[in-house]
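# Here you go, sequence then predicted model.
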Amino acid sequence: PFHTTTKASASLMSKVCNKIGLLKTHARVAGSSVLRTPLAMTTSSTACRHFSATTDNTKVWKVYLSGEIHSDWREVIAKGVHDKNLPVFLTAPNTSHEDSDDCGAIILGMQEERPNWDMIGAKMNAIRTKTLLSEADIVVVRFGEKYRQWNAAYDAGYAAALGKPVITLHPPAISHMLKEVNASANAVCEEPEQVVDTLAYVIRGDLPEPRDGDNFVPIADRLGKGNP
């Protein structure tokens, strides 16, 4: 982030912010065409909140969506990314439960024992999972209440071992059992919309309205300035 420190620089940045328009190009996000802004600048009455000037080759962030496949959380994130015109490309594992179970047996042949059937399918699915996860800039891991997502926990650990930023997503009711996973995450969200807002902030510096509404108090007012 770029922060102004003097009245003169604040005035200059304010003029820059007011004069420079937003350049719009197209990116491919979740398989659909959406707008992204190579030059993203936010203004206030005194100075830019942030400064992010880039070229037409704006970075497209690869975000891997790991975790449960029994709700529409991926679609909610995809819609939010689209609505905010974020330069994001979403990837995910195969979300068909039946296909992920039977892929190995369909391609390589049925097995007599369940462990063998599961093994050849799991190894085949791992080709996609490991490739997309290793290419990701950010990994989002969703845990639901209904099923025990051992694979999601594995993905979170694998991403952490690779040094990938991790965002966990789950309802508050299961926070305790995920405390070690959350301790390694960069952000812990309860709703898919919070994931979208996190991406918007990380990529552009955009912030939503405070979750606490009118009760929100900036840290400098609530706890005092960090630097006297």
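Yep, it's here.
# Torsion angles phi and psi at Ile219?
When read as degrees, to the nearest 10, the backbone of Ile219 gives phi -60, psi -40.
# Tell me which residue lies farthest from the centre of the protein.
For the chain, the largest distance from the centre (CA atoms, centre = their mean) belongs to Glu112, which lies 40.7 Å off.
# Regarding that residue, what is its secondary structure?
coil (DSSP: H, G, I helix; E, B strand; the rest coil).
# That one and Ala105: what is the separation?
11 Å (CB to CB, to the nearest Å). For glycine as for every other residue, the C-beta is placed from the backbone atoms N, C-alpha and C.
# do the same with Glu68
Glu68 sits 23 Å away from Ala105, taking CB to CB as the criterion.
# higher neighbour count, those two?
Between Glu68 and Ala105, counted using other CB atoms under 10 Å, Glu68 has the larger neighbour count: 21 against 16.
# Ramachandran angles for that one?
phi -60, psi 150.
# how about it, what does it touch?
Applying CB atoms under 8 Å, 6 or more residues apart in numbering to Glu68 gives the contacts 142-144, 146-147, 149, 152.
# 10 Å - rerun?
74, 95, 141-149, 151-152, 169-170 (CB atoms under 10 Å, 6 or more residues apart in numbering).
# do Asn182 as well
For Asn182, the contact set (CB under 10 Å, 6+ apart) comprises 143, 156, 166, 168, 170, 175-176, 188.
# Please apply the same query to Pro192.
With CB under 10 Å, 6+ apart, Pro192 has these contacts: 65, 71-80, 140, 142, 169.
# my read: Phe143 touches Pro172, true?
No. In this structure, Phe143 is not within contact of Pro172 by CB atoms under 10 Å, at 11.5 Å.
# Compare the two and say which is more crowded by neighbours.
Phe143 (23 against 8).
# Now the more buried one: closest residue in space, sequence neighbours ignored.
His170 (4.0 Å; CB to CB, 6 or more residues apart in numbering).
# what kind of secondary structure is the nearest residue to Glu68 once chain neighbours are set aside in?
The spatial neighbour of Glu68 that comes closest, neighbours along the chain excluded (CB to CB, 6+ apart), is Gly144 at 4.0 Å. Following three-state DSSP, the label given to Gly144 is coil.
# now the protein, which segments are flagged as low pLDDT?
Along the chain, segments meeting pLDDT under 70 span 1-57, 228.
# Strands of the chain, residue ranges please.
Ranges of strands within the chain are 25-29, 32-36, 39-42, 50-53, 61-67, 88-91, 138-142, 166-169, 187-189, based on DSSP state E.
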